[in-house]
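Enquirer: What would the 3D arrangement of this be:
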Amino acid sequence: MSIEKEAIKYVIKYLRKKGFDVGDVSRKRGYNGYDLLAQKKRKKPVRIEV
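Expert: Numbering: from 1, shown residues only. So this is what the prediction gives:
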């Protein structure tokens with residue numbers, strides 16, 4: 001597995017521990033420039049590039 005994929009898995013796990021809902025958008029169209037979309041309840045989503 002590539003280093004980037006391992007890093008994405010690590011960040012997803014970390015953010016979920018902190019109470020975020022996390023989506024991997026690295027392979028989806030329309031999400032250019034970032035890999036993850038994280039959001040806490042009723043808060044603005046955070047875009048993350050790994």
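
Enquirer: And D35, how close does it get to V11?
Expert: The gap separating D35 from V11 is 8 Å, by CB to CB, to the nearest Å. The way it works is simple: take the backbone N, C-alpha and C, and place the C-beta from them, glycine included.

Enquirer: can you list the weak-confidence ranges in this protein?
Expert: Regions of the chain meeting the criterion pLDDT under 70 cover residues 1.

Enquirer: change it to 90
Expert: Applying pLDDT under 90 to the chain flags residues 1, 26-33.

Enquirer: Quick one: the strands in it, in order.
Expert: 21-24, 36-39, 46-48 (DSSP state E).

Enquirer: hey, which of these is tucked in deepest?
Expert: strand 36-39 (a mean of 18; mean count of other CB atoms under 10 Å).

Enquirer: elements contacting that strand?
Expert: helix 3-17, strand 21-24, strand 46-48 (3 or more CB pairs under 8 Å, 6 or more residues apart in numbering; DSSP states H and E).

Enquirer: buried ones in the first one?
Expert: In other words, helix 3-17. I8, V11, I12, L15 (16 or more other CB atoms under 10 Å).
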